[in-house]
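Chemist: need coordinates for the following:
(one chain, ligands or ions: 2)
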Amino acid sequence: MLLLCSNLHGRSIWVSLYNSLQVRSVVVSAYNGPLIVSVDGGVQYTIAAGQAVYATLCDGGIWISNMQGQTGSFKHVTVQGVDSSAIVRLRPVSPQAEARNYEEAVSLAADIDRIQLINRVDEERYIAGVIEAEAGQGRAREFYKAKAIICRTYLYGHIDRHENEGFHLCDEVHCQAYKGQCRGRNILPAVAATQGIILTDRKDSKPILATFHSNCGGETESAQNAWQNNLPYLAPVADPYCSSSSNARWQKTVSLDDWISYLVKNGYKLNPDVVTDFSFQQLRRIPNYTVNKFTMPVRQIRTDWQLRSTFFSIAVEDGNVLFRGRGYGHGVGLCQEGAMEMARRGFKYGEIISFYYKNVNLVPVNTLQIRVPEFD
Ligand SMILES: [Zn+2]
Ligand SMILES: [Zn+2]
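Modeler: Ligands and ions are numbered 1, 2, ... in the order given. Next up is the predicted model:
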């Protein structure tokens, strides 16, 4: 595994850590190997394996204190291993958050109301971390390969998203969830096997919007219906692979009175003299719920009632409205549970990708003209 890791040599990606937390105090420890701490002007401390330093925001600087009580206030602090096996462990204490392990280097910079934490990490290690955060361990190798290509496509399609803030991507779902070092045994080899490959639109050779979701319920949704975004490679696909997965079906019950007042609030004109059928059926995905002549987007109903998907039918039973739903998520692009099942059945990653994304190419990213912001 170590050999494989050292064969990964992509670009260094800067990822903002605990991005939405506003960390003001954090414990930095050497989970593996000694770490070198460089501060403004190059003064260095060493953190021995198992030891820690405390970093706290104070008067516009970062106070660093170690076990020996040495302290100082600095604007910029960088922590990195003496070799590639070193791991930097972060545990925010104000506010408190779960501890996470990071490879390569972590920098700390004093900002007005927070310590800006950035992991400078090889892009392929970053991608492996994203895959583990988003899809977990124990999946089939070909699924991880497809996922690696999707995460890498996202990275290069959004690489300037946080340029003004001094990093490439954040570690939240706003960009891609990233919780540091990948530990899944199958993931790094799958990333290495697809190293540098991304998906481009056959029409303009740009990285596609490689969206994915948990379960499509048997049919993926078009980007046009979901977001009024005309992206022909995100077209509906009938998916026979996800129907026995955990997120294939859901149900929710709402009282009929609540349902009617909701519709009225949204412009439905109730006529007490007419018996109205509020039921609704989607055998295939349709964009709107319709009752009498009133219509509203299923997308809005999903948001308002916090439903798992827009792919639902409605039955009225005993004074209640019963939603019978299929799938989980927006339904656009790759269906993760379907892709996992395809991989289990022996499909290769190229087949999985071309099943869910239409008219796309698999291209080495270094053959494309993509501007990558550089920071220092
Ligand atoms: Zn972001
Ligand atoms: Zn599916």
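
Chemist: which SS state does the nearest residue to Tyr45 once chain neighbours are set aside fall under?
Modeler: Leaving out its chain neighbours, the residue that sits closest to Tyr45 by CB to CB, 6 or more residues apart in numbering is Val37, at 4.2 Å. (C-beta placed from N, C-alpha, C; glycine too.) Assigned by DSSP: H, G, I helix; E, B strand; the rest coil, the conformation of Val37 is strand.

Chemist: which residues does Val37 bridge with?
Modeler: Beta-bridge pairing of Val37, defined through DSSP bridges, involves Tyr45, Val79.

Chemist: does it touch Tyr54 like I think?
Modeler: No - with contact defined as CB atoms under 8 Å, Val37 does not reach Tyr54; the gap is 11.7 Å.

Chemist: so what sits against both of the two?
Modeler: Taking CB atoms under 8 Å, 6 or more residues apart in numbering as the criterion, Val37 and Tyr54 both touch Val28, Ile64.

Chemist: neighbour count winner among the two?
Modeler: Val37 (22 against 16; other CB atoms under 10 Å).

Chemist: on the pLDDT front, check that one for me.
Modeler: Val37 carries a pLDDT value of 91.

Chemist: how near is it to Ile13?
Modeler: Counting by CB to CB, to the nearest Å, the separation of Val37 from Ile13 is 22 Å.

Chemist: can you pull the contacts of the residue nearest the centre of the chain?
Modeler: Taking CA atoms, centre = their mean, the centroid of the chain lies closest to Gln176, which sits 3.1 Å from it. Contacts of Gln176 were listed using CB under 8 Å, 6+ apart, and they are Val130, Ala133, Glu134, Cys151, Tyr154, Leu155, Leu169.

Chemist: buried residues in the helix or strand encompassing Arg91?
Modeler: Assigned by DSSP states H and E, Arg91 falls within strand 87-94. Within strand 87-94, the residues scored as buried using 16 or more other CB atoms under 10 Å are Ile87, Val88, Arg89, Leu90, Pro92.

Chemist: one more: stretch 275-286?
Modeler: Result for stretch 275-286 [16+ other CB under 10 Å]: buried residues Phe278, Phe280, Gln282, Arg285.

Chemist: ok, is that stretch in contact with ligand 2 or not?
Modeler: No - Stretch 275-286 lies apart from ligand 2 when judged by CB under 5 Å from the ion; the minimum separation is 11.8 Å.

Chemist: gap between the two ends of that stretch?
Modeler: End-to-end distance for stretch 275-286: 24 Å, by CA to CA, to the nearest Å.
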